[in-house]
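S.K.: A structural model of the following input is requested.
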Amino acid sequence: MNKRNRTVLMAALTVLLVVSVNTVSVQAASKLKMSANKITTYVGGTPRLKVTGASGKIVWKSSNKKIAKVSSTGKVTALKNGKTVISAKNKNKTVKCVMYVKKQLSAKNAVVKFRNDMEKKNYMNLNIYISKISDECFYAKIGANMKKNILCVDLSQLGFGKTYRTAHRVYRMDSITNKWFYYKNTSNTAKTIFEKFKQINETDVKLLKNTKFSGTKVSAVQAKIGDKIAILYFSLTDYTFMGLETFDGNDKVIAIADFKTKISIPGYVINNAEYRKI
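M.R.: Below is the predicted model:
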């Protein structure tokens, strides 16, 4: 190898060494960081913490295992109301997250909150299924615009069409001709389903173990609604109503609450409906 080639080779090795040292320096300079510094959850909640900038094994620890425990992957399980500190140690560095666990609502308070929330809602849908949640068994949608006193029932998948009931009229689709007609509303059915909800007696409810509903971990309350026993499900994060389960004969009825979809009567229904005496 001549002198010039040796010089070129040494220069290349020098550049490679500098790049390698800089890369190591950048890696060494990366900071250990927790995905959150503070979290509030509820009894039964399972938030997951993550750590970035770590290399090798991470050791997780809870300062008070009676309040919350943490797994080797950073999954926290809230057990009791109070405060604990979740720490993650990687080599000689430690990062921490302060966790506040709030007490689960009692059955009575959950139902009181539910009824208060229902008073404030303008509309609500109940997407109803039998036995399981799948498209094949979907059989009804019931919704109400509580502010305008409109009840909507969609049984079109059963061949019964749709019904819109207002305070003064009942609009109904003829499932054979697909034409709309209306007749005078002489009942107060538009409020019935919600009146039943609001008449739940606090003495007829009890708190059950946390469970899963529609793929989400929830708080469960058994309650008497009308002449039926139902299980109401509430979010573990803010205790909003998520839905319910009850039985109709041997069939399990599942109703998922939807507060986002607005309930209204399409204009073409009002314009095209013909009056009929019932």
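S.K.: Would you map the helices across the stretch 151-278 of the chain?
M.R.: Ranges of helices in the stretch 151-278 of the chain, per DSSP state H, counting those that start in this stretch, are 192-198, 267-272.
S.K.: so which of those comes closest to Ala257?
M.R.: Nearest to Ala257, of all the helices of the stretch 151-278 of the chain, is helix 192-198, at 10.4 Å by C-beta to C-beta. All C-beta spots, glycine's among them, are computed from the backbone N, C-alpha and C.
S.K.: neighbours of the closest residue to Thr163 other than its chain neighbours, just the number please.
M.R.: Excluding the flanking residues, the one nearest Thr163 by C-beta to C-beta, 6 or more residues apart in numbering is Val153, at 4.5 Å. Using other C-beta atoms under 10 Å, the number of residues around Val153 comes to 19.
S.K.: repeat for Lys91
M.R.: When neighbours are counted by other C-beta under 10 Å, Lys91 registers 12.
S.K.: Hmm, it is touching Ile58, no?
M.R.: No - the pair Lys91 and Ile58 does not pass the contact test of C-beta atoms under 8 Å, sitting 9.5 Å apart.
S.K.: give the contact list for Lys83.
M.R.: Residues in contact with Lys83, defined by C-beta atoms under 8 Å, 6 or more residues apart in numbering, are 64, 67, 98-101.
S.K.: Got the domain ranges for this protein?
M.R.: 33-102, 107-275 (automatic domain parsing).
S.K.: Save these as TSV, and put in mean pLDDT too.
M.R.: Formatted as TSV, these follow (pLDDT from 0 to 100):
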stretch	mean pLDDT
domain 33-102	93
domain 107-275	84
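S.K.: that older thread, deepest of the helices of the stretch 151-278 of the chain, which one?
M.R.: When you average the neighbours per residue for each of the helices of the stretch 151-278 of the chain (mean count of other C-beta atoms under 10 Å), helix 192-198 leads with a mean of 16.
S.K.: Can you show me the strands along the stretch 1-150 of the chain?
M.R.: If DSSP state E, counting those that start in this stretch is used as the criterion, the strands of the stretch 1-150 of the chain fall at 33-34, 38-42, 51-52, 59-62, 68-70, 76-78, 82-90, 93-102, 123-130, 138-145, 150-154.
S.K.: Sheet-wise, list the partners of the second one with their directions.
M.R.: Which is strand 38-42. strand 93-102 (parallel) (DSSP bridges).
S.K.: Understood, closing this out.
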